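Student: Whatever this is, show me its structure:
(chains A, B and C)
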Amino acid sequence: MPELPEVETIVRGLRKAVVGAQVEKLQVIDPHISLPEKEIIGKRIAAVERRGKYIILRLEPHGSLIFHLRMSGRLLRVCPPGEGKYSRLVLHLDTGVLRFINPRRLGTVEFSDNGFPHKLGLEPLGSAFTVRRLRGIVRHSRSPIKLVLMNQHKIAGLGNIYSAEALWRARIDPRRPANSLTAPETRALHTGIVEVLKDAINHMGTTFSDYRTADGDKGGFQEFLAVYGKTGEPCPRCGTEIERIKQGGRSTYLCPKCQI
DNA sequence: AGTAGGACCTGGTGGC
DNA sequence: TGCCACCAGGTCCTAC
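Tutor: Below is the predicted model:
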């Protein structure tokens, strides 16, 4: 469920609380999870980082635990009453407990001893993500622009909500072939992406149902969505009814009048 | 190269 | 209450 802003919020919440903590015990509840206990028990957490939608707990002196929450996972330092039901892994730290909650079991956790093992595209909030680089990404594909934005090998961190919202901000129809975007449209899209992600981080992400911060709180950005999940409601810019369409098997929301 | 469909999993919701 | 269809912040794989 979480996209970049939600994962970033979780990472910031964890960072404050678990950096420097020592892992005392691993409680593996889901038999699908296999971790090398010897590499983890007794280690201290050196850092908490985000790459795309992955959460990385770096251990001292080497190794890391890498989580991906997929659709419904949570990583909770504070677990509200009754919400520990789908705990699949519990990390007992000398400063408290960290729960990996994963109701649909789509989320993953793995140990890596040699860096980050996944290939990902540009970080949209990194300094390398320039208009120029976005132009380079966009003009080599005839796929619909929304699918390009959601491709983690190209840009890492955008998912269904924020790609739809960024396209609305840039007034671009999500079905447009990526390589049909003009230079001004690409510039507007770059701005839309960066700003929607920053705005969402400032509100601790978007909570529909599952997502919680590491402290168990809901995000607040759902109040500020323009199109996502707003079928039939008026476009905040022009008042036209928001439409829902399907792309790549996922719902996309758009304003049929001001996204062209 | 693109795109559709299914697989992985489980739970919530709305219609009849 | 029961059953059914469809929905879900993700990603990977196969097949036209």
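Student: which stretches of the stretch 151-260 of chain A have low pLDDT?
Tutor: Counting by pLDDT under 70, the stretch 151-260 of chain A shows no low-confidence range.
Student: how about the helices in it?
Tutor: A:160-169, A:183-202 (DSSP state H, counting those that start in this stretch).
Student: These: which one's closest to DNA strand C?
Tutor: helix A:160-169 (3.4 Å; CB to the nearest atom of the strand). The C-beta positions use only the backbone N, C-alpha and C, and glycine is treated the same way.
Student: how big is the angle separating that closest one from helix A:183-202?
Tutor: 130 degrees (axes from the mean of the first three to the mean of the last three CA atoms, to 10 degrees).
Student: Distance check, residue A:91 against residue A:216.
Tutor: 16 Å (CB to CB, to the nearest Å).
Student: give me phi/psi at residue A:50?
Tutor: phi -120, psi 140 (degrees, to the nearest 10).
Student: what's the residue nearest to it when sequence neighbours are not counted in contact with, if anything?
Tutor: Spatially, and ignoring its direct neighbours in sequence, residue A:50 is nearest to residue A:11 (4.5 Å; CB to CB, 6 or more residues apart in numbering). By CB atoms under 8 Å, 6 or more residues apart in numbering, the contact set of residue A:11 is A:48-50, A:55.
Student: Relative to DNA strand B, how far out is residue A:11?
Tutor: Applying CB to the nearest atom of the strand, to the nearest Å, the value for residue A:11 to DNA strand B is 24 Å.
Student: per-residue confidence for that residue?
Tutor: We have a pLDDT of 97 for residue A:11.
Student: same question, the one 4 residues further on
Tutor: Residue A:15 carries a pLDDT value of 96.
Student: just residue A:84 next, same as before
Tutor: On pLDDT, residue A:84 comes in at 85.
Student: Against residue A:47, how distant is it?
Tutor: 26 Å.
Student: if we can go back for a sec, adding mean neighbour count and distance to DNA strand B as columns, could you present the helices of the stretch 151-260 of chain A in JSON lines?
Tutor: Listed next are those as JSON lines, based on neighbours: other CB atoms under 10 Å; distance: least, CB to the nearest atom of the strand, whole Å:
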{"stretch": "helix A:160-169", "mean neighbour count": "26", "distance to DNA strand B": "13"}
{"stretch": "helix A:183-202", "mean neighbour count": "18", "distance to DNA strand B": "16"}
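Student: Out of the ones you listed, which is closest to residue A:39?
Tutor: helix A:183-202 (32.0 Å; CB to CB).
Student: any residue of the closest one up close to DNA strand C?
Tutor: No. Shown here: helix A:183-202 not in contact with DNA strand C (CB under 7 Å from any atom of the strand), separated by at least 9.7 Å.
Student: Kindly export that helix (C-alpha atoms) in PDB.
Tutor: The C-alpha trace of helix A:183-202 is given here as PDB (Å, rounded to 0.1, in the frame of the first residue of the first chain):
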ATOM      1  CA  ALA A 183       8.900  20.100 -23.200                       C
ATOM      2  CA  PRO A 184       6.500  22.400 -21.200                       C
ATOM      3  CA  GLU A 185       4.400  19.400 -20.300                       C
ATOM      4  CA  THR A 186       7.400  17.500 -19.100                       C
ATOM      5  CA  ARG A 187       8.500  20.400 -17.000                       C
ATOM      6  CA  ALA A 188       5.000  20.600 -15.500                       C
ATOM      7  CA  LEU A 189       5.000  16.900 -14.800                       C
ATOM      8  CA  HIS A 190       8.400  17.200 -13.100                       C
ATOM      9  CA  THR A 191       7.000  19.900 -10.800                       C
ATOM     10  CA  GLY A 192       3.900  17.900 -10.200                       C
ATOM     11  CA  ILE A 193       5.800  14.800  -9.200                       C
ATOM     12  CA  VAL A 194       8.200  16.600  -6.800                       C
ATOM     13  CA  GLU A 195       5.500  18.800  -5.200                       C
ATOM     14  CA  VAL A 196       2.900  16.100  -4.700                       C
ATOM     15  CA  LEU A 197       5.500  13.900  -3.000                       C
ATOM     16  CA  LYS A 198       6.800  16.700  -0.800                       C
ATOM     17  CA  ASP A 199       3.200  17.800   0.100                       C
ATOM     18  CA  ALA A 200       2.300  14.200   1.000                       C
ATOM     19  CA  ILE A 201       5.400  13.700   3.100                       C
ATOM     20  CA  ASN A 202       4.500  16.900   5.000                       C
END
